[in-house]
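Novice: Provided below for reference: sequence and predicted model.
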Amino acid sequence: MRYLRWIFNLVLAALVLAVLHYMLPQWDTVRISETREVRNESLSSFWCPFGDAEDQAIRDQSQIQAVTAKGKPSVFRNEDKTPYLKWNSSDVQTIASNLRSTADAPKWVAIKHYGWRLQFCSEYPNVLKIKEVESADSYVVPWISIGILVILFALYWAIRVRWVRFREDKIDPIFDAIDDWIDGAFAKKK
């Protein structure tokens, strides 16, 4: 039973870490090679949460195509998303178009994004912010992600400490009393 509990806790921790890795903003330093609009003709209900899927199945998606310092391609989408208070996708697309460069004369930019690149289902990370940096070795500290992780850990710790105190003060005495009663009942029979 103890092994099942450990397996359950490990799977739960892996799921929480996966959600945090997907949702928390990250920074990548890249060179923007192209910006474009792509027409997606998908009947996925993920993209059509309201209304008929047939009416909303065709949508345009802004993409930013980039290359890392090591030559690895990176593709980002650029869409407005309310949970991130992002309503400036047109401005971000204009900035990205302005910062395009070639391999001969690179302009390095730091792209703040969330999400994963899933090639098998054509899913791209969504751009939140773009800023020009000095070189390909530039590193931007993700202060927002660090702050969110500190707050989440503090909440977890506060709840965990209160739960342990509650269990020790209220639940354990009840089980100790039941255990003493059972031990007393078996002691009388002997």
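Specialist: Here it is on my side, so go on.
Novice: doesn't T102 fall inside a strand?
Specialist: No. Read with DSSP: H, G, I helix; E, B strand; the rest coil, T102 is coil and lies in no strand.
Novice: could you check how far it is from V67?
Specialist: Distance of T102 to V67, given as C-beta to C-beta, to the nearest Å: 10 Å. In this view, the C-beta of every residue, glycine as well, is placed from N, C-alpha and C.
Novice: any shared contact partners between the two?
Specialist: Both T102 and V67 are in contact with S33, where contact means C-beta atoms under 8 Å, 6 or more residues apart in numbering.
Novice: residues in contact with the helix or strand harbouring I7?
Specialist: Using DSSP states H and E, I7 sits in helix 2-23. For helix 2-23, the surrounding residues in contact (C-beta under 8 Å, 6+ apart) are Y114, G115, W116, L149, L152.
Novice: quick one, which of those residues are buried?
Specialist: For the contacts of helix 2-23, a burial check counting by 16 or more other C-beta atoms under 10 Å picks out Y114, G115.
Novice: can you pick out the most distant pair from the contacts of helix 2-23?
Specialist: W116 and L152 (19.9 Å; C-beta to C-beta).
Novice: so how far is the helix holding I7 from its chain's centroid?
Specialist: 15 Å (C-alpha atoms, centre = their mean, to the nearest Å).
Novice: tell me the SS of E34?
Specialist: Applying three-state DSSP: E34 is strand.
Novice: of T102 and V67, which one has the most company?
Specialist: V67 (17 against 9; other C-beta atoms under 10 Å).
Novice: wait, the more buried one sits on D28?
Specialist: No. Counting by C-beta atoms under 8 Å, V67 sits too far from D28 to count as a contact (10.9 Å).
Novice: pLDDT below threshold where in this structure?
Specialist: Across the chain, the ranges flagged by pLDDT under 70 are 41-57, 188-190.
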